[in-house]
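Participant: From the sequence below, what's the structure:
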Amino acid sequence: MKTLKKTNILAFILTVLVFSCKENKTSNLEKSNDQLSRKILAKEATKITFNSSDAGDIFERYIELRNALIESDAVKASKVAMKFDSIEGGDYEKINEVALLIGASDELDSQRLLFSELTTLLEPVIKDQLAGGAVYKQYCPMAFNNDGATWLSSESVIRNPYFGSKMLNCGKITETYTE
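Facilitator: Predicted coordinates for the structure are as follows:
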């Protein structure tokens, strides 16, 4: 009877330890992903400059949103998209509206569809305001049931926001904007 009690206590302690370690690993993995995203964002943000600080801010948020979609993190994408409303002005009004729709959604597929629209709206602003560096227009022919979709990046490396890790490298550069 005493042995059975000790075995049950030992089993309980091991279970608690296993689940505690498991939660820690998840937490560390999430921290690692966040740190990687911040490093990528910082690297990309320092490569290009814009004539307007608003254009620079909105492109930085766009890259952060793109990274959340690459990670297939709908919650993070929603939080990032909600930051767009702080930039005001005629050129940015429709961009902000679409970004806020992304922020209001918790569905990754809807966010990705709206991100495609956001890209279309943001592209002329980025082209017009680019002062230094390079912005790459990238294209995935398989997005949205083979209709295809584009996104912008300041790196030539393909990191697909429409499929995330499922097809991370699917795509090609279709244009390069430089100033």
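
Participant: part of a helix, is Tyr136?
Facilitator: No - Tyr136 is assigned strand when assessed by DSSP: H, G, I helix; E, B strand; the rest coil, not a helix.

Participant: And it, how far from Thr150?
Facilitator: 10 Å (CB to CB, to the nearest Å). Any C-beta I mention is one placed from the backbone N, CA and C, and that applies to glycine too.

Participant: do Ser72 as well
Facilitator: 19 Å.

Participant: Likewise for Arg112?
Facilitator: 12 Å.

Participant: Between those two, which is the more surrounded one?
Facilitator: Neighbours were counted for Arg112 and for Thr150 using other CB atoms under 10 Å; Arg112 has more, 23 against 17.

Participant: Chain neighbours aside, what residue packs nearest to that one?
Facilitator: Closest residue to Arg112 apart from its sequence neighbours, by CB to CB, 6 or more residues apart in numbering: Tyr162 at 5.3 Å.

Participant: show me what contacts the one you found?
Facilitator: Leu69, Arg112, Phe115, Ser116, Cys140, Ala143, Phe144, Ala149, Trp151 (CB atoms under 8 Å, 6 or more residues apart in numbering).

Participant: change it to 10 Å
Facilitator: Taking CB atoms under 10 Å, 6 or more residues apart in numbering, we find Tyr162 in contact with 69-70, 109, 112-113, 115-116, 140, 142-144, 148-151, 170-171.

Participant: How many neighbouring residues does Asp54 have?
Facilitator: A count of neighbours around Asp54, defined by other CB under 10 Å, yields 17.

Participant: Secondary structure element for it, which one?
Facilitator: Applying DSSP states H and E as the criterion places Asp54 in helix 53-70.

Participant: helix or strand right after that helix?
Facilitator: Per DSSP H and E, the first helix or strand lying C-terminal to helix 53-70 is helix 74-81.

Participant: what's the helix or strand for Thr150?
Facilitator: Assigned by DSSP H and E, Thr150 falls within strand 149-153.

Participant: what packs against that strand?
Facilitator: In terms of contacts (3 or more CB pairs under 10 Å, 6 or more residues apart in numbering; DSSP states H and E), strand 149-153 is packed against helix 53-70, helix 108-129, strand 134-140, helix 143-146, strand 172-178.

Participant: Tabulate these (JSON lines), appending distance to Ala81 and mean pLDDT.
Facilitator: Supplementary listing: the helices and strands packed on strand 149-153 in JSON lines, determined by distance: least, CB to CB, whole Å; pLDDT from 0 to 100:
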{"stretch": "helix 53-70", "distance to Ala81": "6", "mean pLDDT": "94"}
{"stretch": "helix 108-129", "distance to Ala81": "8", "mean pLDDT": "96"}
{"stretch": "strand 134-140", "distance to Ala81": "20", "mean pLDDT": "97"}
{"stretch": "helix 143-146", "distance to Ala81": "19", "mean pLDDT": "95"}
{"stretch": "strand 172-178", "distance to Ala81": "23", "mean pLDDT": "95"}
